[in-house]
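> Below is the sequence, then the predicted model.
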Amino acid sequence: MNMAKTSVGNALRSRGNLDTRCPLASTRRIERRIGSRGSFSISVAFAIYAILVSLSLPASAAPSFPEPLDARVVWHRADHVYVVLGDSGSVAPGDTLLIRSGKKQVAAAPIVSIAEGGLAVARLVSGTLARERKLDRLRVLAARRPLPSPSTIRVGFPSGRRAANRTGCDRWTLRPPLGMAYRVEPMGRLGYRLTRDSTDSLSGVSASGGGALGRTASWPDTIVASLFDDAAEEEIALERGDLDVALFEPGELSARTRAAPRWQIHLAADCPVLTPPEFGPYVRALGAPAFLAMVDCGAGGGGP
């Protein structure tokens, strides 16, 4: 038993950045419980196991610390809860809403979808709101799902034929994300592969305007850029799952695509940037304008 206490203590001290000091009374209580014959309960054993496992997890796998959210619970039914968000960009599908009454957490619900206007629909996975009579007094916190860290993203862009429709845009060139070092290789007439320079650092990019719920993301090692002469063909490629991100010219999106709840729509100036829900937080963190900035449509650019 002394070996168990020693190994836990060594594991904690080996982290260096953890303060293992605790009040003397608390230490004595723990020592008495561990040291007493027959009192080393299964619950304590699991607690020690959980500590050791959490210390071995990489930082990206650790759950995010819940942060207060500007939100109000407006309704619940069966296993769904409906929450109005003060800022619809502060959370995304897959993030978990933690609902508290006073200091007590009464429910946890991952977000299923966010409608236009900021109404979030979440599915209850623990707790209940059946006994809560004053929904507007409940506090809502957010535990964010870790961002995807893709090694490759597939991005659709308007070809030069479509880009010429943009006001003030002449012939154009495709370029790497600003400030990043990529090698650009053609893949046929309407495609490019951008490969990160091996000497370039994987610097993080913070989400613009994210506030307390800001996220950090890095550009991937490879960007596969596909150019489309026709906007409808680009929409079809997005629906088929051939693209992770798709940039469109102003006014090009069909009514069907605009109304489809699946797509997260971000704006870069007047250009819609579409992505499926699982990539929504990632695109928001990189910033939709960063994708538009990859198209240099200066006069005389000599692009495709």
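Now that the structure is in, tell me what you want to look at.

> strand partners of the helix or strand harbouring residue 183, parallel vs antiparallel please.
Using DSSP states H and E, the element containing residue 183 is strand 182-186. Within its sheet, and counting by DSSP bridges, strand 182-186 is paired with strand 191-196 (antiparallel).

> residue ranges of the strands in the stretch 1-150 of the chain, please?
In the stretch 1-150 of the chain, the strands defined using DSSP state E, counting those that start in this stretch lie at 67-68, 71-77, 80-85, 96-101, 104-115, 119-123, 126-127, 139-143.

> quick one, strands of the stretch 151-300 of the chain?
Under DSSP E, counting those that start in this stretch, the stretch 151-300 of the chain gives strands at 152-158, 173-174, 182-186, 191-196, 205-206, 216-217, 222-228, 245-247, 264-268, 271-275, 295-296.

> Going by mean pLDDT, which of the ones you listed comes out lowest?
Note on the strands of the stretch 151-300 of the chain: strand 205-206 shows the lowest mean pLDDT, a mean of 54.

> hang on, the earlier thing: nearest approach to residue 277 belongs to which of the strands of the stretch 1-150 of the chain?
Residue 277 lies closest, by CB to CB, to one member of these: strand 104-115, at 7.7 Å. (Each C-beta comes from the backbone N, C-alpha and C, glycine too.)

> Would you mark the buried spots in stretch 74-86?
By neighbour count with 16 or more other CB atoms under 10 Å, stretch 74-86 contains the buried residues 76, 81, 82, 83, 84, 85.

> Can you give me the buried ones in the strand holding residue 183?
Under 16+ other CB under 10 Å, the buried positions of strand 182-186 are residue 182.

> hmm, back to that, burial-wise, tell me which of the strands of the stretch 151-300 of the chain comes out on top.
Among the strands of the stretch 151-300 of the chain, strand 245-247 has the highest mean neighbour count (mean count of other CB atoms under 10 Å), at a mean of 25.

> From the contact counts, what lies against it?
The contact analysis (3 or more CB pairs under 8 Å, 6 or more residues apart in numbering; DSSP states H and E) places strand 245-247 against strand 152-158, helix 231-240, strand 271-275, helix 288-292.

> Spit out the contact partners of the nearest residue to residue 94 once chain neighbours are set aside.
Closest residue to residue 94 apart from its sequence neighbours, by CB to CB, 6 or more residues apart in numbering: residue 145 at 4.0 Å. With contact taken as CB atoms under 8 Å, 6 or more residues apart in numbering, residue 145 is in contact with 64, 92, 94, 95, 96, 281.

> And the third one, how far from residue 291?
The reference is to residue 94. Per CB to CB, to the nearest Å, residue 94 is found 21 Å from residue 291.
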